[in-house]
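K.L.:
Structure of the sequence below:
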Amino acid sequence: MKPSVLVTRKWPTSVEEKLAELFDVTLNSDDRPLSKLETKSALLEYDAILTTVTDKLDASVFEGIKPSEVKTRIIGNYGVGFSHIDLPSVKRLGIVVTNTPDVLSECTADIAVMLMLMAARRAGEAERELRNGAWTGWRPTHMIGHKVSQKTFGIVGFGRIGRAAAQRALGFDMQVKVYNRSRVPPAVLKEYKATQLESLDDLFRQSDFISLHCPGGVENTHLINHKMLALMKPSGFIINTARGEVVDDDALISVLKNKQIAGAGLDVFNNEPHINEAYLALENVVLLPHLGSATETTRDAMGYRVIDNICAFFKELTPADLVAG
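P.N.:
Numbering: from 1, shown residues only. Below is the predicted model:
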């Protein structure tokens, strides 16, 4: 008998077709987020649940379920980040969790650099002016932005995506500085011509552009707060393609509104898809609807990576991308 698999959102067609070949699969053709009750029920019904960042599997979803009751043996997460899954709960229930690293590093780094360029050169603001018919023609003082090349590019979290972003920054002849909680091997720093700073404070003081590539979760919630933002240069920009909870919205909105920093570029938000409406009134922030991995090639590769992981698991092998279990 094929293992039963629930896919919580609509996935690329080719990936869904492959899942249907290999498993007794239940697809989400309506592409509607599951409620907590539906997710909790699924834990008692399916051998595997294939989740995305939109699925909030916090402790309350697992509450009251005994290890003897749960049927789900593996959660195959479609994405790198897994802060939306309560790991102590899955460990208590003996559920394995996997993710999909590597395959989305390049395109997420592309989005980070695109946000940097858009924010620095006021591209979103300028396009809105043009589309609204408000452009009166070229003039020397119109839409003056900030130069990117030869500036300092600060990176918070020097994993796969952070390194891919650094590689792109080098193309703009930028000086790369990084903050990482663990020591980055000297050979890696040399490869990316990067300098590792001892403190996050130093990174925020020294950088012209700060790009966030750290995990989400409790330990990094509001890592970027009033204190950190106050250290930035008035000409500084902050870019977030990591997780929404890493940034304290109230703090960032305050410094943007008061022009204490030059701008921001955000691809992720607290409480997605709902965002703090104060962002919408600000011209000095570029907003994207979580597009980091949104290329056809990448989204297909993410799906196949999930399939590889759960296939290995059901063959009693260790999945390549094990994060819990």
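K.L.:
strands paired with the host helix or strand of Ile238, and their directions?
P.N.:
Taking DSSP states H and E as the definition, Ile238 sits inside strand 237-240. The pairing partners recorded for strand 237-240 under DSSP bridges are strand 209-212 (parallel), strand 263-266 (parallel).
K.L.:
Outside of that strand itself, which residues are in contact with it?
P.N.:
For strand 237-240, the surrounding residues in contact (CB atoms under 8 Å, 6 or more residues apart in numbering) are 112, 115-116, 119-120, 146, 208-212, 224, 229, 232, 246-247, 252, 261-268. C-beta here means a position set from N, CA and C on the backbone, and glycine is covered the same way.
K.L.:
same question, stretch 175-191
P.N.:
By CB under 8 Å, 6+ apart, stretch 175-191 touches 150-158, 162-163, 166, 169-170, 192-197, 199-200, 202-203, 206-207.
K.L.:
got the residue ranges for the strands in the chain?
P.N.:
Shown for the chain, the strands assigned by DSSP state E span residues 4-7, 24-26, 48-51, 74-77, 96-98, 152-156, 175-179, 194-196, 209-212, 237-240, 263-266, 285-287, 322-324.
K.L.:
Just name the most buried of those.
P.N.:
strand 209-212 (a mean of 29; mean count of other CB atoms under 10 Å).
K.L.:
quick one on the thing from earlier: redo the strands of the chain as a markdown table? Include distance to Pro140.
P.N.:
Below are the strands of the chain laid out as a markdown table (distance: least, CB to CB, whole Å):
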| stretch | distance to Pro140 |
| --- | --- |
| strand 4-7 | 55 |
| strand 24-26 | 61 |
| strand 48-51 | 52 |
| strand 74-77 | 51 |
| strand 96-98 | 55 |
| strand 152-156 | 27 |
| strand 175-179 | 29 |
| strand 194-196 | 37 |
| strand 209-212 | 25 |
| strand 237-240 | 23 |
| strand 263-266 | 21 |
| strand 285-287 | 24 |
| strand 322-324 | 53 |
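K.L.:
Now mean pLDDT and distance to Glu17 too, for these, in TSV please.
P.N.:
Formatted as TSV, these follow (pLDDT from 0 to 100; distance: least, CB to CB, whole Å):
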stretch	mean pLDDT	distance to Glu17
strand 4-7	98	12
strand 24-26	97	10
strand 48-51	98	14
strand 74-77	98	17
strand 96-98	97	21
strand 152-156	98	38
strand 175-179	98	41
strand 194-196	98	42
strand 209-212	98	36
strand 237-240	98	34
strand 263-266	98	34
strand 285-287	98	34
strand 322-324	91	26
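K.L.:
Can you pull up the most central residue in this protein?
P.N.:
Ala242 (3.5 Å; CA atoms, centre = their mean).
K.L.:
pretty sure that one is in contact with Val268, am I right?
P.N.:
Yes - proximity of Ala242 to Val268 meets the contact threshold set by CB atoms under 8 Å, at 6.5 Å.
K.L.:
need the contact list for the residue lying closest to Arg73 once chain neighbours are set aside.
P.N.:
What sits nearest to Arg73 in space, not counting adjacent residues and going by CB to CB, 6 or more residues apart in numbering, is Asp47, at 5.7 Å. Listed by CB under 8 Å, 6+ apart, the contact set of Asp47 reads 3-5, 71-74, 314.
K.L.:
Distance to Thr297 for those - can I get that in a markdown table?
P.N.:
Shown next, in a markdown table, are these (distance: CB to CB, whole Å):
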| residue | distance to Thr297 |
| --- | --- |
| Pro3 | 28 |
| Ser4 | 29 |
| Val5 | 23 |
| Lys71 | 34 |
| Thr72 | 30 |
| Arg73 | 30 |
| Ile74 | 25 |
| Phe314 | 26 |
